[in-house]
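*Asks:* have a look at this prediction, sequence included:
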Amino acid sequence: MTNASHRGDGPVLVVGGGIVGLATAYYLLRAGVPVEVVERSSVASGASLGNAGWVCATHSAPVASPGVAGYALRSLGRPDSPLYLRPSAGLLPWLLRFWRSSGRSRFERGYAAVVELNRETFALFDELAESSVDTGLSRPGMVHAFLSVAQARHYLNVQRLMARGRYEVPDDVEVGDAARELDPSLKSPVAAAYFVPGEGIVHPERFARSLRDQVEAVGGKVHEDVEVSGFQRSAGRIAGLYTSRGDIACGAVVIAAGMWSGQVLRWMDRHLPLQTGKGYSFSIDLDPPPAHSIYFGDHNLVASPMAGTTRIAGTMELSGNNNRLDWRRIVALAKASRHYLGDWFSHADELPGLIRDPWVGGRPLLPDTLPVIDQVPGYANAFVNTGHGMLGVTLGPASGRALTEFVVTGRRPGLLEPFRFDRLRTR
């Protein structure tokens with residue numbers, strides 16, 4: 001295990017300028033560690049840009065869950081499915097490990113680990129706001145809406161089981177008109193719903209850019225449009241980065257590059273079995289708009305009131321490490337949303353004139369769909385903070401603070417035991 005003396009005299013270089021990387025940089029700076037962030041594009045240009053902006057306790061479940069592997073196989077080649085797989089030989093080994101991770105016991109352990117990491121999230125957001133970070137956090141609560149009463153009760157029971165008193169959930173669901181009255185935007189055929197108070201929303205791009213500004217305000221450096229091409233390595237240490245703008249020396253490095261983290265780690269001769277889970281979103285004007293964040297449980301999509309509009313987001317597309325936007329996925333999202341929000345459009349041909357900011361972004365997924373927050377094996381001064389999937393906004397501050405403790409003290413916090421790198425060795 002590393003210790004604090006293994007950190008050299010140079011800055012800690014954080015590779016990745018999304019919310020996870022910037023939050024890590026922020027907490028390192030607060031701990032008195034000099035930091036430079038290296039971002040291949042612009043801050044918040046990846047998964048931190050167009051996501052739903054949720055900060056929540058209730059949605060901590062790993063994607064790898066009982067029954068999801070079979071659902072994934074049934075979705076092969078169906079671009080209108082909430083979970084879409086483009087068949088490829090390279091995906092099959094990952095899917096096998098995904099299936100092995102989706103048993104009930106591993107799912108429940110993963111869920112509990114993420115809930116525990118998430119325990120202090122809202123307190124951390126409050127502290128960030130007090131330190132001049134413009135989080136933009138509002139906490140209107142979340143409505144969970146379903147077309148099936150049985151499905152709503154099943155989902156609520158799973159959440160109650162995993163909450164174990166860590167967050168508040170109701171005793172039962174509302175049905176019929178009472179369900180639709182939980183949010184003014186809900187329409188028939190919504191049959192059941194329940195409300196969880198206190199769940200939050202941020203504008204993710206605004207939050208990331210404010211984190212960047214605060215990192216710079218307290219003495220950190222942020223290098224944008226800088227490609228990393230390799231590492232200067234010596235005796236189990238990283239001495240610096242090779243980049244498109246020259247070499248940068250360092251005392252330590254943190255890889256927080258989202259879906260690119262696997263490629264970056266290959267330059268250390270380390271394998272991280274990352275797949276890109278592409279998510280889609282767009283914005284529309286609804287009358288009336290949602291008053292809360294809403295989870296549409298039967299179709300696994302969400303709605304967030306954001307910056308005067310409604311952002312619709314969802315889907316999980318496994319089609320390689322790319323950001324190609326498939327318009328069919330946007331159409332599928334829009335069509336699914338009508339089950340809950342009413343007929344805000346009549347025909348798909350109307351969508352280009354009604355929606356704004358269609359977006360696709362790559363979310364980094366490991367086979368058990370838990371993040372890895374750990375020291376890189378074989379390197380005394382290299383760390384990784386990636387694989388957060390759909391929870392990057394929620395878990396960014398918590399994982400950044402916990403990894404900072406590891407980097408500064410040389411001791412792995414117990415909170416990070418479930419997120420070790422070595423759990424990913426081929427079984």
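*Replies:* That came through fine. Numbers count the residues shown, from 1 in each chain.

*Asks:* give the contact list for the closest residue to Lys278 other than its chain neighbours.
*Replies:* In space, and not counting its chain neighbours, Lys278 is closest to Glu317: 4.0 Å by Cβ to Cβ, 6 or more residues apart in numbering. In short, each C-beta sits where N, CA and C put it, glycine included. Glu317 sits next to 83-84, 86, 277-280, 326, 329 when contact means Cβ atoms under 8 Å, 6 or more residues apart in numbering.

*Asks:* at 7 Å what do you get?
*Replies:* Counting by Cβ atoms under 7 Å, 6 or more residues apart in numbering, Glu317 makes contact with 84, 278, 329.

*Asks:* who is it paired with across the strands?
*Replies:* Tyr84, Lys278 (DSSP bridges).

*Asks:* any idea how far it is from Arg212?
*Replies:* For Glu317, the distance to Arg212 equals 28 Å [Cβ to Cβ, to the nearest Å].

*Asks:* next: Arg166.
*Replies:* From Arg166 across to Arg212, the span is 31 Å (Cβ to Cβ).

*Asks:* the two: who's more crowded?
*Replies:* More crowded of Arg166 and Arg212, by other Cβ atoms under 10 Å: Arg212, with 23 against 14.

*Asks:* what pLDDT does that one get?
*Replies:* Looking at Arg212, its pLDDT stands at 97.

*Asks:* helix or strand for it, which one?
*Replies:* Arg212 is part of helix 204-217, with elements assigned from DSSP states H and E.

*Asks:* give me the below-cutoff pLDDT ranges for the stretch 301-427 of the chain.
*Replies:* With pLDDT under 70 as the threshold, the stretch 301-427 of the chain has low-confidence stretches at 426-427.

*Asks:* give me that answer again for 90
*Replies:* For the stretch 301-427 of the chain, applying pLDDT under 90 flags the ranges 307, 315-324, 424-427.

*Asks:* now do the strands in the stretch 101-250 of the chain.
*Replies:* 142-146, 174-175, 192-196, 200-201, 221-223, 228-234, 237-243, 246-249 (DSSP state E, counting those that start in this stretch).

*Asks:* in the last one, which residues are buried?
*Replies:* Pointing back at strand 246-249 there. By neighbour count with 16 or more other Cβ atoms under 10 Å, strand 246-249 contains the buried residues Ile248.

*Asks:* hang on, the earlier thing: export the helix holding Arg212 as CSV, just CAs?
*Replies:* Written as CSV, here are the backbone C-alpha positions of helix 204-217 (Å, rounded to 0.1, in the frame of the first residue of the first chain):
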residue,chain,number,x,y,z
PRO,A,204,-24.7,19.4,-14.7
GLU,A,205,-22.8,21.7,-17.1
ARG,A,206,-23.2,24.7,-14.8
PHE,A,207,-22.1,22.7,-11.8
ALA,A,208,-19.0,21.3,-13.6
ARG,A,209,-18.0,24.8,-14.9
SER,A,210,-18.3,26.2,-11.4
LEU,A,211,-16.2,23.4,-10.0
ARG,A,212,-13.6,24.3,-12.7
ASP,A,213,-13.7,28.0,-11.7
GLN,A,214,-13.3,27.1,-8.0
VAL,A,215,-10.4,24.8,-8.7
GLU,A,216,-8.6,27.6,-10.5
ALA,A,217,-9.6,30.1,-7.8
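
*Asks:* hmm, back to that, now do the residue nearest to Lys278 against Ile330, distance only.
*Replies:* Per Cβ to Cβ, Glu317 is found 11 Å from Ile330.

*Asks:* wait, Ser210 touches Ser131, no?
*Replies:* No. Taking Cβ atoms under 7 Å as the definition, Ser210 is not a contact partner of Ser131, at 10.6 Å.

*Asks:* more neighbours: which of these two?
*Replies:* Ser210 (21 against 12).

*Asks:* burial count for the spatially closest residue to that one that is not a sequence neighbour?
*Replies:* Take Ser210 and drop its neighbours on the chain: the residue closest to it by Cβ to Cβ, 6+ apart is Asp134, 3.9 Å away. Residues lying near Asp134 (other Cβ under 10 Å) number 16.

*Asks:* please apply the same query to Thr243.
*Replies:* 18.

*Asks:* OK, contacts around it?
*Replies:* Contacts for Thr243 (Cβ under 7 Å, 6+ apart) come out as 38, 226-229.

*Asks:* can we see that at 10 Å?
*Replies:* Taking Cβ atoms under 10 Å, 6 or more residues apart in numbering, we find Thr243 in contact with 13, 15, 38, 40, 223, 226-230.

*Asks:* now tabulate these in a markdown table and tack on pLDDT, neighbour count and distance to Val393.
*Replies:* Shown next, in a markdown table, are the contacts of Thr243 (pLDDT from 0 to 100; neighbours: other Cβ atoms under 10 Å; distance: Cβ to Cβ, whole Å):
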| residue | pLDDT | neighbour count | distance to Val393 |
| --- | --- | --- | --- |
| Leu13 | 98 | 28 | 23 |
| Val15 | 98 | 26 | 19 |
| Val38 | 97 | 25 | 21 |
| Arg40 | 94 | 21 | 20 |
| His223 | 96 | 17 | 23 |
| Val226 | 96 | 20 | 24 |
| Glu227 | 94 | 13 | 25 |
| Val228 | 95 | 23 | 24 |
| Ser229 | 95 | 10 | 29 |
| Gly230 | 96 | 14 | 30 |
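
*Asks:* brilliant, that's me finished.
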